[in-house]
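> Here's my sequence, what's the structure:
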Amino acid sequence: MKRIESIRQLKEAGKQPWDLIIIGGGATGLGIAMDAATRNYRTLLLEQADFAKGTSSRSTKLVHGGVRYLAQGDIALVREALYERGLLLNNAPHLAHNQQFIIPQYNWWQGPFYTIGLKIYDLLSGKLSLGRSRHIGRKEVIRRLPTIRPEGLKGGIVYHDGQFDDARLAVNIAQTAVENGAVLLNYFKVNGLLKNTSGKICGVRTTDLDTNETFELAAKTVINATGVFVDEVLQLDNPAAPNMVKPSQGVHVVLEASFLNSSSAIMIPKTDDGRVLFAVPWHNKVLLGTTDTPLDAHSLEPIALEEEISFILNTAGKYLSRPPARTDVLSVFAGLRPLAAPQKATGSTKEISRSHKILVAPSGLITITGGKWTTFRRMAEDVMEQVIKTGGLIPAACKTKSLRIHGYQQQPSAIAPLDVYGSEAARIQAFVVVHPEMKGQLHPRLPYIKAQVIWAVQHEMAQTVEDVLARRLRALFLDAQAAIEMAPLVAGIMAVEMGKDNVWQQKQVADFLQVAQHYVLKNGTTHQQLKITV
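Just a heads-up that it's a prediction; the model follows:
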């Protein structure tokens, strides 16, 4: 997956119309590109930043049906998500796996209430179940969760869901789409929609943000899959279009593994304000989250609010024998959920549907909103059925239910940090044998090695230091200060590989620092000014 090759293909296509152009390179857009390419449609995807730069790299890292939605009575959504959960664990076992969760029980009524609810959850998953839920006693809870607060603990309920690496999966979906003939480009911003004399959309105007070169590209259909930015694209089509999305911010904090000291995750189904809180083991750290805060504005780099951070730490402190403090936080990150806006403003996002919606404008622009990572494949399938109708394409069947995603490997052949590459790990290991200097760690607190930076540039279309440290590697999300300290070394490796000069390196480090400072939680604020020497 090389950007220079994708640009060459774009230019060679000339004025020949694409079957579809997808705007947006998050989970939804990438899923559509993979589905379309495997049906042999001429497919182009344009992303204004990096793949999964926004919401799709900032999830709770769960592939789940949604116990919370079951409690809300949304059986159809839960059933669909559980089915898709099973497919994803089958199709990408190198990145998605079975995760055991425990709901600690501190009141007598919680045992039967959640046990019955989770039995329904098990039934809805059918043949794709990951394991039966069951009640366990107090001693067993403490054995499995040695850091749980023991005072008042009466027992717990065990259930199973999926866990994954969201940004790594996004990269692998992109690679799968490219392998099947799609053309994908990051740092290409769509700034206009082309229309014919009948007012129907027939293409897009886009700019390569690296060179400022502008292209006008013809297409039979255009899909708006831009997450929290869908309204901006809708208004390119019709300036009077009403807003379709109500963004909701979710914040997570990351701690050392010792705070959980378990391979099991904790799920608190109802916190003081009615939200769900998870403590999940992830890449040898612990992920705590999430919040659900309605917002009026959106950006590519949302910032965690102080009240969100305090809520997570205070709630976790009620359930852990060692309450986490602000000084224990290794990274804090915020993501925006593109929830389909309600007809009437409620002030709360908890009632807004997580199910996806597809809209076809009079111009033919197809927009998808809502949804979640777990159902990305089904969302893509639904969009493609609409694309076939709108674009008058020759119908072709969906092939993604059993499609093995790039890197597919049943059992990892390599240990961390190369395990997430699945079948590609052997190629990185072979590269290190030939170039032993590339085996060196980038930072003593994280396992990542120099060869992974080379791989990200050569094979995963990484263009910036942030692309590498935030999404190809997960350093920024796991230990923000370590990522900051790694930045100059990563910039230097990339510069050699990409033929860039020292000015480029310095700018890359400065740009990364500008982003990364909001992930560091020190001195009572996420806005601490940090300095680093290049």
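> In this structure, where is pLDDT below threshold?
Within the chain, the segments meeting pLDDT under 70 span 340-354, 523-534.
> Count the residues that sit near the closest residue to Thr207 other than its chain neighbours.
Nearest residue to Thr207 in three dimensions, chain neighbours excluded: Thr214, at 4.9 Å (C-beta to C-beta, 6 or more residues apart in numbering). Placement of C-beta: from N, CA and C, glycine included. A count of neighbours around Thr214, defined by other C-beta atoms under 10 Å, yields 12.
> you'd agree Thr214 is up against Thr206?
Yes - at 7.1 Å, Thr214 counts as touching Thr206 under the criterion of C-beta atoms under 8 Å.
> Count the neighbours of Asp479 for me.
The local packing of Asp479 (other C-beta under 10 Å) involves 23 other residues.
> likewise Arg445?
15.
> Can you give me every residue that contacts Leu236?
Under the criterion of C-beta atoms under 8 Å, 6 or more residues apart in numbering, the neighbours of Leu236 are 190-193.
> Which pair of these spans the longest distance?
In the contacts of Leu236, the most distant members under the criterion C-beta to C-beta are Asn191 and Leu193, with 9.3 Å between them.
> any residues in contact with both of these two?
In contact with both Asn191 and Leu193: 205, 236, using C-beta under 8 Å, 6+ apart.
> Please say which of these two ends up with more neighbours.
Leu193 (24 against 11).
> That one contacts Arg205, correct?
Yes - using C-beta under 8 Å, Leu193 makes contact with Arg205 at a distance of 7.5 Å.
> What's the separation between Gly203 and Leu209?
Counting by C-beta to C-beta, to the nearest Å, the gap from Gly203 to Leu209 is 19 Å.
> Please identify which of those two sits among more neighbours.
Gly203 (21 against 14).
> Phi and psi next, for that one.
phi 160, psi -170 (degrees, to the nearest 10).
> beta partners of it?
Leu194, Ala218 (DSSP bridges).
> Quick check, it in contact with Glu216.
Yes - the pair Gly203 / Glu216 is scored as a contact, 6.4 Å apart, by C-beta under 8 Å.
> From Thr464, how far out is the residue nearest to Thr207?
From Thr214 to Thr464 the distance is 21 Å (C-beta to C-beta).
> what's the answer for Thr367, then?
For Thr367, the distance to Thr464 - C-beta to C-beta - is 28 Å.
> Between those two, which has more neighbouring residues?
Thr367 (24 against 21).
> check which helix or strand covers that one.
Using DSSP states H and E, Thr367 maps to strand 366-369.
> Return the list of helices and strands in contact with the helix or strand harbouring Leu442.
Assigned by DSSP H and E, Leu442 belongs to strand 441-443. Judged by 3 or more C-beta pairs under 8 Å, 6 or more residues apart in numbering; DSSP states H and E, strand 441-443 is in contact with strand 446-449, helix 480-498.
> contacting residues around the longest one?
Helix 480-498 has contacts (C-beta under 8 Å, 6+ apart) with 330-332, 442-443, 445-446, 448, 450, 453-454, 457-458, 462, 465, 468-470, 475-476, 500-502, 504-506, 508-509, 512-513, 516-517, 519-520, 530, 532-534.
> Are any of the residues you listed buried, and if so which?
Buried by 16 or more other C-beta atoms under 10 Å: 330-332, 442-443, 446, 448, 450, 453-454, 457, 462, 465, 468-470, 475-476, 505, 508-509, 512-513, 516-517, 519-520, out of those.
> any idea whether Asp231 is helix, strand or coil?
Here Asp231 is recorded as helix under DSSP: H, G, I helix; E, B strand; the rest coil.
> Give the closest residue to it in space, chain neighbours not counted.
In space, Asp231 is closest to Asn243, 4.7 Å off (C-beta to C-beta, 6+ apart).
> coming back round to it: so which of the contacts of helix 480-498 are in helices?
Among those, DSSP state H puts 450, 453-454, 457-458, 465, 475-476, 502, 504-506, 508-509, 512-513, 516 in helices.
> if I look at the residue nearest the centre of the chain, how far off is Ala304?
Central residue of the chain (C-alpha atoms, centre = their mean): Ser56, 2.6 Å from the mean position. With distances taken as C-beta to C-beta, Ser56 is found 18 Å from Ala304.
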